[in-house]
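> the sequence and its predicted three-dimensional model are supplied below.
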Amino acid sequence: MTLLQVRNLTIRFGQKLVVDDVSFDLDAGQRLGIIGESGSGKTLTSLAIIGLLPDAAAVAGSVVFDGVEILNKSDGELSSLRGNRIGMVFQEPLTALNPLMRVGKQIAQPLRIHRGMRMKAALARAIELCARVGLPDPERLVRSYPHQLSGGQRQRIGLAISLACNPSLLIADEPTTALDVTVQQEVLKLINELVREEGSALMFVSHDLPVVSSMTERVAVMRSGTMVELATVGELFSGARHEYSQKLVQAARRSDDDFVRVSRGGRA
Amino acid sequence: MTELLRADALSRTFKLPRASLRSERSVRRALIDMNLSVNEGDRLGIVGESGSGKTTLARLLLGLDVPTSGAVSFLGDTLPLSDMRQFRRQIQVVFQDPRSSLNPRMSVEDIILEPLECLAVEEPHAARIDEVLASVGLSGDMRTRYPHELSGGQRQRVAIARALAPRPRLLIADEPVSALDVLVRDEILALLADLTANLGLTLILISHDLSVIARLCDDVVVMQHGVAVERGKTVDVFRAPSHPFTKTLIASVPRLPELS
């Protein structure tokens, strides 16, 4: 069943074309990676789906989520989807979280808004969610402020918030870029497990091909606003069609080879 | 082999802000008892996660910061030297983000000229600028451009050109490719590899990325919480890591899917 249908999505800032005629489908429970360098339009594409584009952006095309057209909907109409049917995790958890609010309350927020839960019940659920995303000592942790937590812990809170209402679609925009590699590994594993258990669809946006290919079955390659290739991970690695995707695969392969050669005992 | 740079029991602690009005200021020990010896021609990698003390170490080695205890010595003389200018001519640095390390109000030419003038380098400046621009693969018409007119990769090339201008013997590169896009990263790494090979430049490369270290460095020091937990030939450390942290680090490198 098609959960998300994006057709001819085009985004302009004034004269500048930043996303050019992008189309793709995402079925319920499916996973799609979006890869591209900075300025390729990958983040704007994901923001368009959740209706968070800045006001200056002129959008054309169509984004249909679960049978409903999202583009040109008012914020009021969209807010019933955001944090409810569609969850989003951002790159930098320190800026994505409210610095003045205890994290427990931030996790409780979507539950109170979308599920009409009372504060007490929502906080109890927040504690369960904290435990679910692998945070230690959740009863104490929900009382802390974002600045008291480490980067990995903050990102786990971000995940708890976005998954609080069991969304059908989770959009993760560079969720591990701000994290250390060892923490990145843990958070990726966690996203993997949670998405599988919840049965959510996943849109995973990243510049890092090895990371994307470990998280999703299909990958869309974006470059300066256009989607140059949409292929399965296997297809991409065995024979990318577009020149740019080939370069990306080569670069990833080279750095993988460097690592393998040295760690298997060749010369540096 | 000449020993260029040496660190003996180098430590640096920072005072943290008070947590409340009545509490004592606590301290963060950013670097603890670090020993390091860098010989001419070495390509040394320093790897660790954020907060492990990599950048603190780099700043101390560059003489940009003063150690709480311990000492850095350059060719046998302890820092600060009486002639820091001579020292700075021989040790140069490339930082992570060229957008913040290049002055936005200076043209490329002025950026590269600055160390030549400040360090009173004798050779003709104009010729040297052309030479370093060529060696980092930038054309001469870049001279009049400003940083905002350049791409990320070009900006980092300018930063490298500036570092090379006074003909240093040692280059310290602190996360030189982390702010760059994947394909550009590849080019800059290739450039650094060429430069160290062709100019006989000694390199200290700081990175959190093991594949970068694998590509460029013969030796590696692994840091965690301000301590060097493991060191050795890159090949040996990567093949048979002995410290648990090094093992975790190596196991965490995102790998490509195996193709059947």
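The structure has been received and is ready for your questions. Residues are numbered from 1 along each chain as shown, chains lettered A, B, ... in the order given.

> and residue 164, what is it in contact with?
I went with chain A, as the question did not name one. If a contact means CB atoms under 8 Å, 6 or more residues apart in numbering or on different chains, then residue A:164 has A:83, A:87, A:107, A:110-111, A:125-126, A:129 as its contacts. Using the backbone N, CA and C atoms, a C-beta is placed for each residue, glycine as well.

> meant chain B, my bad for not saying
By CB under 8 Å, 6+ apart, the contact list for residue B:164 reads B:92, B:132, B:135-136, B:171, B:195, B:199, B:201.

> list the ones among the residues you listed that fall in helices.
B:132, B:135, B:195, B:199 (DSSP state H).

> tell me which of the contacts of residue B:164 has the lowest pLDDT.
Lowest-confidence member of the contacts of residue B:164: residue B:199, scoring 86 (pLDDT).

> how many residues are close by residue B:148?
By other CB atoms under 10 Å in any protein chain shown, 9 other residues sit near residue B:148.

> how much space between the nearest residue to it once chain neighbours are set aside and chain A?
Excluding the flanking residues, the one nearest residue B:148 by CB to CB, 6 or more residues apart in numbering or on different chains is residue B:104, at 6.2 Å. Per CB to the nearest CB, to the nearest Å, residue B:104 is found 18 Å from chain A.

> residue B:104 contacts residue B:146, correct?
Yes: here residue B:104 reaches residue B:146: they are 6.8 Å apart, a contact under CB atoms under 8 Å.

> neighbour count winner among those two?
Legend: neighbour count by other CB under 10 Å for residue B:104 and residue B:146, higher for residue B:146 (15 against 9).

> excluding chain neighbours, what is closest to the more buried one?
Counting by CB to CB, 6+ apart, the residue nearest residue B:146 is residue B:107, at 5.7 Å.

> let's have the contacts of residue A:164 in TSV, adding secondary structure and distance to chain B.
Formatted as TSV, the contacts of residue A:164 follow (DSSP: H, G, I helix; E, B strand; the rest coil; distance: CB to the nearest CB, whole Å):
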residue	secondary structure	distance to chain B
A:83	coil	29
A:87	strand	23
A:107	helix	25
A:110	helix	30
A:111	helix	32
A:125	helix	31
A:126	helix	26
A:129	helix	25
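
> in TSV: those residues, plus pLDDT and neighbour count.
Formatted as TSV, these follow (pLDDT from 0 to 100; neighbours: other CB atoms under 10 Å in any protein chain shown):
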residue	pLDDT	neighbour count
A:83	88	20
A:87	93	25
A:107	95	27
A:110	93	23
A:111	94	24
A:125	94	20
A:126	94	27
A:129	92	23
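
> which bits of the stretch 151-268 of chain A sit near chain B?
A:151, A:180-185, A:188, A:207-211, A:213-214, A:233-234, A:237-238, A:247-248, A:251-256, A:258-259, A:261-268 (CB under 8 Å from any CB of the partner chain).

> which ones among the residues you listed lie within helices?
Using DSSP H, those in helices are A:151, A:181-185, A:188, A:209-211, A:213-214, A:233-234, A:237-238, A:247-248, A:251-256, A:258-259, A:261-263.

> just the buried ones from those residues, in PyMOL syntax?
In PyMOL, a selection of the buried entries from these looks like this (16 or more other CB atoms under 10 Å in any protein chain shown):
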select buried, chain A and resi 151+181+182+183+184+185+188+209+210+211+213+214+233+237+248+251+252+255+256+258+259+261+262+263
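
> for whichever residue of the stretch 1-150 of chain A sits closest to chain B, grab the count of nearby residues.
Minimum separation of the stretch 1-150 of chain A from chain B (CB to the nearest CB) falls at residue A:37, amounting to 3.7 Å. When neighbours are defined as other CB under 10 Å, residue A:37 has 19 of them.

> give me the neighbour count for the nearest residue to it once chain neighbours are set aside.
Computed as CB to CB, 6+ apart, the closest residue to residue A:37 that is not its neighbour in sequence is residue B:181, at 3.7 Å. Residues near residue B:181, counting by other CB under 10 Å, number 20.

> dihedrals phi and psi, residue B:181?
Note on residue B:181: backbone dihedrals following degrees, to the nearest 10 are phi -70, psi 160.

> my guess is it meets residue A:36, correct?
No: Residue B:181 is beyond contact range of residue A:36, at 9.0 Å (criterion: CB under 8 Å).

> return every residue with contacts to both of these two.
In contact with both residue B:181 and residue A:36: residue A:207, using CB under 8 Å, 6+ apart.

> run through the helices of chain A in chain order.
A:42-49, A:75-78, A:93-96, A:103-115, A:119-132, A:138-141, A:151-163, A:181-198, A:209-215, A:233-239, A:243-263.

> using PDB, write out every CA atom in the fifth one.
Included here for helix A:119-132 are C-alpha records, laid out as PDB according to Å, rounded to 0.1, in the frame of the first residue of the first chain:
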ATOM      1  CA  MET A 119      -0.100  15.100  32.000                       C
ATOM      2  CA  LYS A 120       0.400  12.400  34.600                       C
ATOM      3  CA  ALA A 121      -0.400   9.600  32.200                       C
ATOM      4  CA  ALA A 122       1.700  11.200  29.500                       C
ATOM      5  CA  LEU A 123       4.700  11.500  31.800                       C
ATOM      6  CA  ALA A 124       4.400   7.900  32.800                       C
ATOM      7  CA  ARG A 125       4.400   6.900  29.100                       C
ATOM      8  CA  ALA A 126       7.400   9.200  28.600                       C
ATOM      9  CA  ILE A 127       9.300   7.200  31.100                       C
ATOM     10  CA  GLU A 128       8.400   4.000  29.300                       C
ATOM     11  CA  LEU A 129       9.500   5.500  26.000                       C
ATOM     12  CA  CYS A 130      12.800   6.600  27.600                       C
ATOM     13  CA  ALA A 131      13.400   3.000  28.600                       C
ATOM     14  CA  ARG A 132      12.400   1.900  25.100                       C
END
